[in-house]
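>>> No letters, just coordinates:
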């Protein structure tokens with residue numbers, strides 16, 4: 001964010017966005033120097049850059065958001081118990097701590113296959 005001192009040039013606040021030149025981007029004024037015939041390609045590259053930046057923000061905030069939902073499968077409690085070598089009762093009692101149990105209705109739960117795989121991988125002795 002650019003702020004203005006009472007009298008003088010704008011100042012960049014340290015707690016805001018970094019100067020785009022630090023990321024290797026040209027200043028906004030550089031657009032005026034581009035030949036008109038290069039503008040469509042320039043705009044396409046800007047769109048790709050914006051998309052890549054948005055995807056990066058998602059990865060930082062929620063890595064699980066990058067995996068399409070159809071890549072996961074909900075399995076029944078008996079199936080989850082067999083995969084994890086835990087009892088159904090233990091899974092039901094510790095569902096909030098385990099992180100792979102999904103409530104699908106009153107008294108009905110399923111388990112995320114993807115989260116079960118992460119649960120097992122995190123506890124595998126190497």
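Received it, and whenever you're ready, just let me know what you need. Since the model is a prediction, treat every value here as computed from it, not as a measurement.

>>> rest of the way, CA atoms for contacts and neighbours
Fine.

>>> what comes up buried for stretch 102-117?
Buried residues in stretch 102-117, counted by 16 or more other C-alpha atoms under 10 Å: 109, 110, 111, 112, 113, 114, 115, 116.

>>> Among the residues you listed, which are located in strands?
Using DSSP state E, the members of these that fall in strands are 109, 110, 111, 112.

>>> Could you chop the chain up by domain?
Under the assignment automatic domain parsing, the domains of the chain span 2-66, 69-123.

>>> okay if I get the buried residues of stretch 102-117 as TSV plus distance to residue 22 and pLDDT?
As requested, the buried residues of stretch 102-117 are exported to TSV (distance: C-alpha to C-alpha, whole Å; pLDDT from 0 to 100):
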residue	distance to residue 22	pLDDT
109	49	90
110	47	93
111	45	93
112	42	92
113	42	91
114	38	90
115	38	92
116	41	92
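
>>> After the top helix by length along the chain, heading C-terminal, what element do we hit next?
Using DSSP state H, we find that the single longest helix of the chain is helix 39-61. Sequence order places strand 74-75 as the next helix or strand after helix 39-61, per DSSP states H and E.

>>> between the helix or strand just after that following strand and strand 108-112, how many degrees?
Scanning forward in sequence from strand 74-75 by DSSP H and E, the next helix or strand is helix 77-84. Counting by axes from the mean of the first three to the mean of the last three C-alpha atoms, to 10 degrees, helix 77-84 lies at 30 degrees to strand 108-112.

>>> Tell me how far the helix or strand just after helix 77-84 lies from the chain's centre.
Per DSSP H and E, the first helix or strand lying C-terminal to helix 77-84 is helix 88-93. Mean C-alpha position of helix 88-93 versus that of the full chain (C-alpha atoms, centre = their mean, to the nearest Å) differs by 30 Å.
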